[in-house]
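Student: the following comprises the amino acid sequence and a computationally predicted model.
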Amino acid sequence: MKFYEVATYKEMSRKAANIISAEIISNPKAVIGLATGSTPIGTYNQLIEWCKKGDLDFAQVTTVNLDEYYGLSGENEQSYRYFMNDHLFDHVNIDKNNTHVPNGLAKDPEAEGERYDAFIKEIGGIDLQLLGIGIDGHIGFNEPDDVFVKETHLVDLDESTIQANSRFFESADEVPKKALTMGMMSIMQAKKILMVVSGENKEQILKEALTGPITPKNPASILQVHPDVTVIFTKQAN
Ligand code: PGA
């Protein structure tokens, strides 16, 4: 595992964008796993800047996102599909048909999970997966649990996640209580993993994840057994 601590959020974002760019430049047809939340926004802004300058080309890139709120359509401004369009896809030369987010409106979430995992497998798996970490150690929306769940599945969000994400909503009551999340199998089968973490409030859970016991109580701890993980941390909150 490579661990970098950098001084600023801007540096974290630039370094992460560099790693993603290097992947796309070396493999223009790369499958990139993407994440939502406030942490990757600076990374996306940097990628947009380089794409606008002509230094980066998304024309053949495929993306798969980690998760989606259950019950929200992609047109809903709080949905992660909307977030991705707004923060990245609308501003780069990616073909939207090649961008994938779990369907938050799927009537049968189990079937949607199976479809999503099968799709990821069919396209050859993920070359580089971008991750954040929740204050409870979640990756994607894999919340602390008694087991690591392999498949893409429906989860009940933790109270701490609902509170943390309420900043994007009018009130905590409006935060969906369930989400579809990529499971540990597709994440752990990604060839490379890139985790971005910003803010002192994440320092302790990150330290436990990277150096403590490997346990589903701290879902990010599973990354200790992945062969190619890069973590970029800054104490500076964004
Ligand atoms: P954040 O979320 O970037 O908004 O802090 C990270 C996460 O929950 O994975």
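Tutor: It's in.
Student: ok, residue 1 - contacts?
Tutor: Residues in contact with residue 1, defined by Cβ atoms under 8 Å, 6 or more residues apart in numbering, are 210, 223-224, 226, 229-231. For the C-beta atoms, the positions are set from N, CA and C on the backbone; glycine is no exception.
Student: spit out the contact partners of the residue positioned nearest the centre of the chain.
Tutor: The residue lying closest to the centre of the chain (Cα atoms, centre = their mean) is residue 35, at 2.2 Å. By Cβ under 8 Å, 6+ apart, the contact set of residue 35 is 65-66, 130-132, 140.
Student: and with 10 Å instead?
Tutor: 43-44, 65-67, 80, 84, 129-133, 139-140, 182, 194-196 (Cβ atoms under 10 Å, 6 or more residues apart in numbering).
Student: can you map out the strands along this protein?
Tutor: Secondary structure of the chain (DSSP state E): strands at 2-6, 31-34, 62-65, 67-69, 99-100, 128-131, 153-156, 178-181, 192-198, 229-234.
Student: gap between residue 74 and residue 82?
Tutor: From residue 74 across to residue 82, the span is 6 Å (Cβ to Cβ, to the nearest Å).
Student: cool, residue 122 as well?
Tutor: In terms of Cβ to Cβ, residue 122 sits 26 Å off from residue 82.
Student: more crowded one of these two?
Tutor: Between residue 122 and residue 82, counted using other Cβ atoms under 10 Å, residue 82 has the larger neighbour count: 17 against 8.
Student: just to check, the more buried one is in contact with residue 65?
Tutor: No - between residue 82 and residue 65 there is no contact under Cβ atoms under 10 Å: 11.5 Å.
Student: which neighbours do the two share?
Tutor: 36, 101.
Student: what residues does the chain put near the ligand?
Tutor: Within the chain, the positions adjacent to the ligand are 37-39, 132-134 by Cβ under 6 Å from any ligand atom.
Student: could you redo the last one with a cut-off of 8 Å?
Tutor: With Cβ under 8 Å from any ligand atom as the criterion, the chain meets the ligand at residues 35-40, 131-135, 138-141, 161, 164-165, 196, 198-199, 202, 238.
Student: make a PyMOL selection of the buried ones in the residues you listed.
Tutor: Selection of the buried residues among the residues of the chain next to the ligand in PyMOL, burial being defined by 16 or more other Cβ atoms under 10 Å:
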select buried, resi 35+36+37+38+39+40+131+132+133+134+135+138+139+140+141+161+164+165+196+198+199+202+238
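Student: quick one: the helices in this structure?
Tutor: Ranges of helices in the chain, per DSSP state H, are 9-26, 41-52, 80-87, 109-122, 159-165, 184-188, 203-211.
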